[in-house]
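Chemist: fold the following and give me the result.
(chains A, B and C)
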Amino acid sequence: MLWNNDRPLDSTLDIEEYTTFITNSIIEATQEDIPRTKQTAREYIPSEVSKSLIKQKHQAYQRWKKTGADIDKRQYYNSKILLSNSLRNDKRNNFSKLMSSLCHKKMYSDKVWLTVRKFHNKRIKQMYANVMNYNNKTASSDKEKADLFADYFENEVYSQTADTLPFHDQVTDQASNIRNRRTASLNTAKWKLIKVEEVKYHIKQLRNSSTGPDNIHNRCLKNYSKLLIQHITKLYNAILKLGYIPAMWKKANIILLLKPKKDKKHPSSYRPISLLSCIGKLLEKIIKQRLMLQLKRRNILPQHQAGFRPGKSTIYNIIRLERYADGQLKRPGLRRHSAVILFDIKAAFGSVWHDGLIYKLNDLRLPRYIISYLISFLNDRTAAIELENILSRPFNLKSGTPQGSPLSPLLYIMYTADSMNGIPTHTEHGLFADDTALWTSGHTLTSLKSRLQQSINEFESWCKSWKLKLQPTKTELIHFSLHPRKKYKNPVIVKVENTTIKPLDSTRYLGVIIDKRLKWRTHLDHIEAKIAPRIGLLRYLSIAAQEPNNKTMINIYKSIVRTVIIYGYPILLTADQKIWDRLQIMQNKALRAAFGLPIYTSVKYIHNISNISKIKGYAIGLLKRAIQKASTDNDSTLRNRLQGILNKI
DNA sequence: GACAAATGGAC
RNA sequence: UUUGUCCAUUUGUC
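Modeler: As a prediction, this is how the structure comes out:
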């Protein structure tokens, strides 16, 4: 296929044609180079011996069928037995081959992880209910189910909500003004052109991931030719110039993953994941980087939004909440009451209001070409549910940002950047994407209650303005208190959307379980439950492999167990020694399992052969490194908090 | 100290 | 059919 390089790209039609040209060229090239043999994921591959036995069996069967003779029948059954023996043998060989990957002196990462993954079974095969019901409709075939999911997502998740406030009409008007202004001043906007080097840099960063509707894999892009990059760069610049994204990049195939511990009969129990074109995603990455530069330079994002931002993590907000509550509980002299409320926003990403987002982007005075691009990005998106390789009818996404796009997380935090502007200063907040927490304190229960309620009301009205829906039933409240069972005459009770929220003993916030006494016992229970099957796996592997390499087993331990134990370590460091004793016991258990040692093996011996340090010492090491990193990053608030924890130990 | 890969976690 | 952003860790290679 050829393209005349002198041909200008001046209309949307040109862009569509050029995109098709590039897509087809890539597909053609890959089909030439990589023969499309479909690799079936078999449990094991039969050996040559088995293959010939299969042939023999088949022949014997044909002969018996033809002649009907007794001797042929016997021969057929004989070959059948021989084959099954051979297959069993193959299976055993394959198993020991798999296990031998754990025994090599040198660790071959990919082989080891193949083995571990096989038994770790984290990825459960998707199972859909036989019959699904929604909106008085029943679906039993795959196509019907896919369409039913399409109905659900079109009507309940990515649907437009009615304008109920005068404010909404105002925003809608403004947004349509912005749209019109854009088409009026198309070719005049100036910006920094995308360079070949920029595209190359982002291609290099690409990880292998699943393909979108156009079936082009990231691997294809990574094996780029100079010519391909030039074409892609030219196309990207044309897209930014016209503010028009080709239609095929706005089509998503949505796959569904069952959320853990949810009923598979109901469509709301599934998390939708959009698979998008990799070439389109590449451009989105470039825009994302440019957008972030703007946001950072102009300090647009709120300080306490820790989600999706470089250099920030969950632990930052966890520490802030923990230090605050602890400070109020152990305040010398006058103790104060404190409480935290954790909100849940319904379908947060899916509910982003397009007009509202455009209004805000314009308000921020972002570069015109980026706004143009984003308007096109949001407009006229379609999706189809993919289920067992069957596509549903396509439907429109009238609201929300598509999960699966590199831009979506950023757009969401931009959309919610002003959510805390109206909150009174006596209340602190922590944000992580849509996970919103508000906390405050007071000398008396009444003052605490009224302060908290005041802030809740502010947040509630903000949500209402921007068409986000709070779920009062999933909203949780913790009233911090040292007494395990003390009953207050007037417990702290607040209202969210006219629903009463009562305080709980413990709740989960950003992956750690916070209890009202800040003792972390429930959190430890949670960790223990999580690593128990993993310890079982370590034991199984060490027995099955017979003489596994110690270093390999330690690496597996570090990866699948220690990472779980160590998550959220800074807050645990402020807790009692008891917590660390318990964690140490977990580590010892896991190491015994990894080495296949009996339960009574002494801790000293384990320590000697594994050369793994005590878990608390390791955590302190991590903390020191984190402090150093925070000071080189000039993040003085985080640094001081971490230093405070270190001083306390 | 650069690059790559893997694992774990949050949403 | 396991997306996206971010964080942490580990292991390799040079």
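Chemist: what sits against residue A:471?
Modeler: Residues near residue A:471 by C-beta atoms under 8 Å, 6 or more residues apart in numbering: A:344-346. In this view, the C-beta of every residue, glycine as well, is placed from N, C-alpha and C.
Chemist: dump whatever helix or strand residue A:21 lives in to PDB, keeping only the CA atoms.
Modeler: If you go by DSSP states H and E, residue A:21 is part of helix A:12-33. What follows is helix A:12-33, C-alpha atoms only, in PDB (Å, rounded to 0.1, in the frame of the first residue of the first chain):
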ATOM      1  CA  THR A  12     -11.400  14.900   8.800                       C
ATOM      2  CA  LEU A  13     -11.900  12.600   5.900                       C
ATOM      3  CA  ASP A  14      -8.100  12.700   5.200                       C
ATOM      4  CA  ILE A  15      -7.400  11.800   8.800                       C
ATOM      5  CA  GLU A  16      -9.800   8.800   8.600                       C
ATOM      6  CA  GLU A  17      -8.200   7.600   5.400                       C
ATOM      7  CA  TYR A  18      -4.600   8.100   6.700                       C
ATOM      8  CA  THR A  19      -5.500   6.200   9.900                       C
ATOM      9  CA  THR A  20      -6.900   3.300   7.900                       C
ATOM     10  CA  PHE A  21      -3.800   3.400   5.700                       C
ATOM     11  CA  ILE A  22      -1.400   3.200   8.700                       C
ATOM     12  CA  THR A  23      -3.500   0.500  10.500                       C
ATOM     13  CA  ASN A  24      -3.700  -1.700   7.400                       C
ATOM     14  CA  SER A  25       0.000  -1.300   6.700                       C
ATOM     15  CA  ILE A  26       0.900  -2.500  10.200                       C
ATOM     16  CA  ILE A  27      -1.500  -5.400  10.000                       C
ATOM     17  CA  GLU A  28      -0.100  -6.300   6.600                       C
ATOM     18  CA  ALA A  29       3.500  -6.100   7.800                       C
ATOM     19  CA  THR A  30       2.800  -8.200  10.900                       C
ATOM     20  CA  GLN A  31       1.000 -10.900   8.900                       C
ATOM     21  CA  GLU A  32       4.000 -11.200   6.700                       C
ATOM     22  CA  ASP A  33       6.500 -11.500   9.500                       C
END
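Chemist: for the helix or strand that it is followed by, buried residues please.
Modeler: Counting by DSSP H and E, the next helix or strand C-terminal to helix A:12-33 is helix A:48-67. For helix A:48-67, a neighbour-count test (16 or more other C-beta atoms under 10 Å) marks A:50, A:53, A:56-57, A:60-61, A:63-64 as buried.
Chemist: buried residues in the helix holding residue A:21?
Modeler: Neighbour-count burial for helix A:12-33, counted by 16+ other C-beta under 10 Å, picks out A:12, A:14-15, A:18-19, A:22-23, A:25-26, A:30.
Chemist: just stretch A:434-445 next, same as before
Modeler: In stretch A:434-445, counting by 16+ other C-beta under 10 Å, buried: A:434-442, A:445.
Chemist: mind checking which of these land in helices?
Modeler: Using DSSP state H, the subset of those located in helices is residue A:445.
Chemist: ok so, going back, flag the least confident of the buried residues of helix A:12-33.
Modeler: pLDDT across the buried residues of helix A:12-33 is lowest for residue A:30, at 76.
Chemist: doesn't residue A:218 make contact with it?
Modeler: No. At 11.9 Å, residue A:30 does not count as touching residue A:218 under the criterion of C-beta atoms under 8 Å.
Chemist: quick check: phi and psi on the closest residue to residue A:410 other than its chain neighbours?
Modeler: Once flanking residues are discounted, residue A:410 sits nearest to residue A:288: 5.8 Å by C-beta to C-beta, 6 or more residues apart in numbering. Dihedral pair for residue A:288: phi -60, psi -40, per degrees, to the nearest 10.
Chemist: for residue A:288, grab the count of nearby residues.
Modeler: A count of nearby residues for residue A:288, using other C-beta atoms under 10 Å, gives 19.
Chemist: now it: how far from residue A:636?
Modeler: 28 Å (C-beta to C-beta, to the nearest Å).
Chemist: and what of residue A:473?
Modeler: Distance from residue A:473 to residue A:636, by C-beta to C-beta: 40 Å.
Chemist: dump the C-alpha coordinates for stretch A:549-561 into PDB.
Modeler: Extracted C-alpha coordinates of stretch A:549-561, given in PDB (Å, rounded to 0.1, in the frame of the first residue of the first chain):
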ATOM      1  CA  ASN A 549      17.200 -23.700  45.000                       C
ATOM      2  CA  ASN A 550      17.100 -21.700  48.200                       C
ATOM      3  CA  LYS A 551      17.700 -18.400  46.500                       C
ATOM      4  CA  THR A 552      14.800 -19.000  44.100                       C
ATOM      5  CA  MET A 553      12.500 -19.800  47.000                       C
ATOM      6  CA  ILE A 554      13.500 -16.700  48.800                       C
ATOM      7  CA  ASN A 555      12.800 -14.600  45.800                       C
ATOM      8  CA  ILE A 556       9.400 -16.100  45.500                       C
ATOM      9  CA  TYR A 557       8.800 -15.400  49.200                       C
ATOM     10  CA  LYS A 558       9.900 -11.800  48.800                       C
ATOM     11  CA  SER A 559       7.600 -11.300  45.800                       C
ATOM     12  CA  ILE A 560       4.400 -13.000  46.900                       C
ATOM     13  CA  VAL A 561       4.500 -12.700  50.700                       C
END
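Chemist: show the average pLDDT along it.
Modeler: Averaging pLDDT along stretch A:549-561 gives 93.
Chemist: give me the contact list for it.
Modeler: Contact with stretch A:549-561 is made by A:102-105, A:107, A:112, A:116, A:120, A:531, A:534-535, A:537-538, A:541-542, A:586-587, A:590-591, A:594-595, A:609-610, A:612, as judged by C-beta under 8 Å, 6+ apart.
Chemist: cutoff 6 Å now
Modeler: Identification of contacts with stretch A:549-561 by C-beta atoms under 6 Å, 6 or more residues apart in numbering yields A:102-103, A:107, A:112, A:116, A:531, A:534, A:590, A:594, A:610.
Chemist: same deal with stretch A:110-127?
Modeler: A:98, A:101, A:537, A:552, A:556.
Chemist: 8 Å instead, please
Modeler: A:98-99, A:101-102, A:256-258, A:264, A:534, A:537, A:540-541, A:552, A:555-556, A:560.
Chemist: in the stretch 201-350 of chain A, which spans are strands?
Modeler: Assigned by DSSP state E, counting those that start in this stretch, the stretch 201-350 of chain A shows strands spanning A:251-258, A:270-275, A:337-343, A:345-346.
Chemist: looking at those strands, which one is packed in the most?
Modeler: Stretch with highest mean neighbour count among these: strand A:337-343 (a mean of 24; mean count of other C-beta atoms under 10 Å).
Chemist: helices and strands around that one, which ones?
Modeler: Counting contacts by 3 or more C-beta pairs under 8 Å, 6 or more residues apart in numbering; DSSP states H and E, strand A:337-343 is packed against helix A:314-329, strand A:435-442, helix A:445-465, strand A:476-480, strand A:494-496, strand A:506-509.
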